[in-house]
Structure formats: C-alpha cells, structure tokens
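Student: Generate coordinates for the sequence data below:
(one chain, ligands or ions: 2)
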Amino acid sequence: MSKPKVYITRKIDATYLKAYQDQLEIRMWEKEEEAVPKETLYQEVADADALFAVLSDTIDEDLLSQAPHLKVVANMAVGYDNIDLAACKAHDVVATNTPDVLSETTADLGFLLMMAAARRLTEANDWVKQDQWQSWAPFYFAGTDIQGKTLGIVGMGRIGEGIAKRAAGFDMNIQYHNRSRKKDAEERLHATYVDFDELLQTSDFIVTVVPHTAETDKMFNQTAFEKMKSSAVFVNISRGKVVDEEALVHALQTGEIRSAGLDVFEEEPIGADHPLVGLKNAVCLPHIGSASVETRTKMIHLCMDNIEAVVSGKEAITPIS
Ligand SMILES: NC(=O)c1ccc[n+]([C@@H]2O[C@H](COP(=O)([O-])OP(=O)(O)OC[C@H]3O[C@@H](n4cnc5c(N)ncnc54)[C@H](O)[C@@H]3O)[C@@H](O)[C@H]2O)c1
Ligand SMILES: O=C(O)[C@H](O)CO
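Tutor: Ligands and ions are numbered 1, 2, ... in the order given. The predicted structure is shown next:
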C-alpha cells in the first residue's frame with residue numbers, strides 16, 4: 001500500500017523527519033528562507049494527503065480546490081490568520097496549529113523587546129560597533145526602568161500569561177485587557193482587568209499578544225497611540241496587522257510615545273528602507289518570537305504528529321477549533 005504523501009513548504013533538516021519516514025512519503029521545498037512559488041505549491045498539493053505549512057503560506061479556497069486528496073494542513077505556528085478555516089471545513093480538511101509549545105519562548109522574546117526598547121539596547125550596541133564610544137558619560141543611552149512600572153498586556157492568553165509571570169519577577173504592576181475577563185488569571189498573576197482605553201492611558205509598557213482577526217485589525221491606531229503616555233513603551237509580538245504602522249511611525253517620530261519593540265510587521269519581510277527601521281527608538285526583529293532551537297523542534301514534531309494522526313484516521317492533537 002502506498003504511503004500518505006506530505007508536502008512541506010520549507011526546507012527542514014532530514015533528522016527531524018526520520019521518525020516519520022516509515023509511515024509517510026515526505027517531499028519538501030528545498031529552500032529554507034525562500035517561499036515556495038505558488039505554481040510549485042499548487043502542483044505539489046495536487047496529490048498530497050497532508051500539507052505542512054508556515055505562517056507566510058496562504059491556505060485559501062484557491063489552494064484547497066487544487067488539492068483533492070488533502071486531509072490536513074498543519075500550520076507551524078500558533079497563529080492561523082493565514083488559513084481560511086471556512087474553506088478548510090468546506091473541503092473537509094483539518095487545520096492544526098502549534099499552541100503551548102512556544103508560549104514560554106515567545107514570552108521571553110516579548111520581555112526581551114520590552115527591556116531592549118526601555119534600555120535602548122540596539123542603539124547602544126550599534127554605537128559601540130560603529131566605533132563611536134569615546135568615554136563614559138552620566139546620561140548617555142540612559143533609558144527607563146521597568147521595576148515598579150505598570151505593564152498593560154493586551155491579550156491575556158497563553159503567551160500573555162507568560163509575560164505577566166515574568167513581569168511579576170521584575171516588580172511590575174500588571175494590568176490586562178482581554179476579549180473576556182479571566183478571573184482565575186487575575187488571582188494567579190496578581191493582574192487587574194481594565195478596559196482598552198484605561199490600559200492605553202495608564203500603562204508605562206504595553207505589550208500586545210492578541211491574534212490577528214477582523215476585530216483586532218489595526219486596533220493600535222492613531223487614536224490608540226494618542227491615548228498612551230508620552231513615556232510609554234509599546235511592544236508587538238502578535239501580528240503586524242494589529243497595528244496601523246503609519247500611526248506608529250508618527251507616534252515614535254513625534255514623541256507621542258517613547259519607543260517600540262517590534263517582532264512583527266504589517267507586510268513581512270521588511271527591508272532596511274522601511275520607515276520603522278530608520279527610527280532609533282524602534283527595535284525591529286524578523287518575526288523570531290518562537291525561534292529557539294528547542295521550541296522550533298517541538299513545533300516541527302507537533303506538526304508532523306498532527307499529520308500522522310489525521311492521515312491514519314485519528315483525531316488531530318491540536319486542531320484549530
Ligand atoms: N511573534 C511571534 O513569533 C509569535 C509567536 C507566537 C504567537 N504569536 C501571536 O500571538 C498570538 C497569541 O498567541 P497565544 O498562544 O497567546 O494565543 P491565545 O489564544 O492563548 O491568546 C490570545 C488572547 O487574545 C484574546 N483576544 C482575542 N481577541 C481579542 C480582542 N479583540 N481584544 C482583546 N483580547 C482578545 C483572547 O481572548 C486570548 O486570551 C497568536 O495568535 C499569534 O498571532 C506570535
Ligand atoms: O504564530 C506563531 O506561532 C508565530 O508567529 C511563529 O511562531
């Protein structure tokens with residue numbers, strides 16, 4: 001009997017796939033950083049039973065209509081705004097994501113961005129590397145402290161809770177806004193629920209970690225930045241599209257807010273000519289929230305385990321509900 005066919009849209013080292021090769025016929029796009037061209041992807045899915053996708057692949061009606069045998073799309077991300085779930089349902093395709101395994105690593109990066117933006121880390125690092133350091137001075141690269149400050153978390157989910165846990169260790173006051181109030185988290189994390197406007201107005205640090213949906217699209221717009229303190233540090237580790245980037249650039253340029261730490265952008269990838277890259281008070285990273293070897297390994301295995309489960313007639317481990 002022939003093995004179920006899996007197509008992987010990015011190069012993954014064979015060692016990660018060894019355990020699955022007896023059960024599955026695995027093909028993949030052989031480039032790590034270059035996206036698979038649409039024509040190639042459409043040809044490859046024509047006889048595939050399973051698709052291992054990454055967050056920059058668009059999984060929509062157009063693609064699914066080219067994939068008559070497809071049973072499962074395993075997205076190597078917890079976010080799934082690249083997947084049309086209604087189209088998956090219509091084609092009887094199970095969509096899966098990678099929740100939990102990346103929460104701590106992504107919370108680490110959120111915290112790192114908070115501190116980097118507060119303490120002007122990249123600016124100071126660039127200065128040394130550009131051979132500009134002459135002598136010690138009392139206030140050069142003086143940033144702002146985080147201890148004793150108020151942190152506002154927008155999206156108190158798995159990763160949001162991870163941020164709150166870390167913030168407690170830094171003696172921050174924690175407030176949050178979420179689609180629904182989470183009383184259990186309030187007790188566990190000593191966090192206070194506030195509405196969105198109050199969070200914007202009263203937080204010294206604002207971290208967003210909501211999914212990108214119709215509701216959260218550009219929720220950080222000009223009005224939102226105007227409400228923030230002029231000393232506020234804004235961090236986005238969710239999706240670029242939850243922010244109106246033009247408004248953010250304006251807020252950073254005019255001192256409406258102090259600084260920003262950004263792992264995600266409206267259209268990715270961005271280049272050196274992007275307006276945010278040119279701003280000293282913006283720390284910009286190439287969407288690496290979950291990028292530790294340990295976590296990426298877990299994400300790959302979870303995708304493959306989901307695929308193996310579905311193609312062998314079992315329930316997916318982490319279906320997107
Ligand atoms: N930068 C990265 O590399 C990276 C890594 C992992 C996740 N992410 C992003 O972070 C998101 C969150 O991941 P998670 O595992 O914590 O998800 P989660 O579902 O556990 O948490 C999301 C929280 O946002 C809340 N929420 C949804 N809509 C909201 C709204 N309109 N207003 C306020 N709150 C709202 C939900 O109620 C939930 O509590 C993902 O969807 C993904 O887009 C980014
Ligand atoms: O949604 C996700 O999981 C990230 O963006 C990549 O880890």
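
Student: Walk me through the domains of the chain.
Tutor: Domain assignment for the chain by automatic domain parsing gives 5-99+293-311, 103-284.

Student: okay, the ones you listed in TSV with mean neighbour count next?
Tutor: For glycine as for every other residue, the C-beta is placed from the backbone atoms N, C-alpha and C. Formatted as TSV, the domains of the chain follow (neighbours: other C-beta atoms under 10 Å):
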stretch	mean neighbour count
domain 5-99+293-311	18
domain 103-284	18
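
Student: is it true that Trp3 touches Ala48?
Tutor: Not quite, residue 3 is Lys, not Trp. No. Lys3 is not in contact with Ala48 according to C-beta atoms under 8 Å; the separation is 11.9 Å.

Student: Just give the nearest non-adjacent residue to whichever residue of the stretch 151-300 of the chain sits closest to ligand 2, would you?
Tutor: Nearest to ligand 2, among the residues of the stretch 151-300 of the chain, is Ser290, at 3.4 Å (C-beta to the nearest ligand atom). With C-beta to C-beta, 6 or more residues apart in numbering as the measure, Leu102 is the residue that lies nearest to Ser290, at 3.8 Å, once sequence neighbours are left out.

Student: again, but for Ala232
Tutor: Ile257 (4.6 Å).

Student: That neighbour is in what secondary structure piece?
Tutor: Following DSSP states H and E, one finds Ile257 outside all helices and strands.

Student: and it, backbone torsions?
Tutor: phi -130, psi 160 (degrees, to the nearest 10).

Student: separation between the closest residue in space to Val6 that isn't next to it in sequence and Ala309?
Tutor: Distance criterion C-beta to C-beta, 6+ apart; nearest residue to Val6, sequence neighbours excluded, is Ala50 at 4.4 Å. In this view, Ala50 and Ala309 are 10 Å apart by C-beta to C-beta, to the nearest Å.

Student: And for Ala137?
Tutor: Following C-beta to C-beta, the distance that separates Ala137 from Ala309 is 60 Å.

Student: same check, this time on Ser135
Tutor: Distance, Ser135 to Ala309, by C-beta to C-beta: 62 Å.

Student: for Ile237, same thing?
Tutor: Distance from Ile237 to Ala309, by C-beta to C-beta: 29 Å.

Student: follow-up on the earlier one: next up, the contacts around the residue nearest to Ala232.
Tutor: 225, 228-234, 251 (C-beta atoms under 8 Å, 6 or more residues apart in numbering).

Student: Please repeat the previous calculation with a cut-off of 6 Å.
Tutor: Going by C-beta atoms under 6 Å, 6 or more residues apart in numbering, Ile257 touches 228, 232, 234, 251.

Student: Can I get those in TSV including distance to Leu121, secondary structure and pLDDT?
Tutor: Formatted as TSV, the contacts of Ile257 follow (distance: C-beta to C-beta, whole Å; DSSP: H, G, I helix; E, B strand; the rest coil; pLDDT from 0 to 100):
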residue	distance to Leu121	secondary structure	pLDDT
Met228	21	coil	99
Ala232	18	coil	99
Phe234	16	strand	99
Ala251	20	helix	99
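
Student: Just say helix, strand or coil for Val283.
Tutor: What DSSP: H, G, I helix; E, B strand; the rest coil gives for Val283 is strand.
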